[in-house]
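1. structure for the following, please:
(one chain, ligands or ions: 1)
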Amino acid sequence: MKEKVYVLDASGIIGGFISSKNRNVTTNGVISEIKDFKSQMTLESALREKKLIIKEPDSDSLDQVQTAIKNSGDILRLSEVDKQLVALAITLKSGFNPVVVTDDYSIQNILEILQIPYRSVLTEGINEVYGWIKICRGCRKKYSPSYPADECEICGSTVYRKRIKK
Ligand SMILES: [Zn+2]
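-> Numbering: from 1, shown residues only. Coordinates of the predicted model:
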């Protein structure tokens, strides 16, 4: 199993979410959004103690985010910093099991489209990480979230995506 890593947006850092059990990663863009003194102090010590690591996404991952936004009809309002953070989660997928920590609804939406697990900062316990499965409306057969077809291979009914707790 791949190591879990938390990918923090500004709300994660401001909300005081820095896991001591797992690695925490963020981007320079997110760091530049942290303006309040208390959060800057938290940030500084987390960086010094290497609890928080700064990484940037690769360009392939950024392309994937752009494409997902375009395919959604550009309804998602995401800043450049938001896009970079989501792309970082995609970049990390090759070696880790990234979970994005964010209270931002637009970011959560794009993560859902990209099927990247996330959790919010304030409202849920630490174990409440979400993932997805696909389920057939007819025979209820369960598929992996990467099942490519819209129809069930058994009965031909529509397959829909469902959020589950991991
Ligand atoms: Zn079926």
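2. so where is this structure shaky, pLDDT-wise?
-> Low-confidence segments of the chain, defined by pLDDT under 70, span residues 74-75, 122-130, 165-166.
3. please, where are all the strands along it?
-> Assigned strands in the chain, in chain order: 4-8, 23-26, 52-54, 97-101, 118-119, 130-136, 142-143, 159-165 (criterion: DSSP state E).
4. redo those as TSV? Include mean neighbour count and distance to Glu44.
-> No exception for glycine: its C-beta is placed from N, CA and C like everyone else's. Converted to TSV, those look like this (neighbours: other Cβ atoms under 10 Å; distance: least, Cβ to Cβ, whole Å):
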stretch	mean neighbour count	distance to Glu44
strand 4-8	23	15
strand 23-26	22	13
strand 52-54	16	10
strand 97-101	22	19
strand 118-119	23	24
strand 130-136	17	31
strand 142-143	14	45
strand 159-165	13	34
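5. give me the distance between the closest residue to Asn22 other than its chain neighbours and the ion.
-> Distances taken as Cβ to Cβ, 6 or more residues apart in numbering place Lys4 nearest to Asn22, at 5.0 Å, with adjacent residues excluded. Distance check for Lys4 against the ion: by Cβ to the ion, to the nearest Å, it reads 32 Å.
6. which residues sit in contact with Lys4?
-> Shown in contact with Lys4 (Cβ atoms under 8 Å, 6 or more residues apart in numbering): Asn22, Arg23, Phe96, Asn97, Pro98, Val99.
7. ok, the fifth one touching Asn22?
-> If I follow you right, that is Pro98. No: with contacts defined as Cβ atoms under 8 Å, Pro98 does not count as touching Asn22, sitting 10.3 Å away.
8. who touches both of the two?
-> Applying Cβ under 8 Å, 6+ apart, one finds that Pro98 and Asn22 are jointly contacted by Lys4, Val5, Tyr6.
9. follow-up on the earlier one: ok, of the contacts of Lys4, which one's closest to the ion?
-> Asn97 (29.2 Å; Cβ to the ion).
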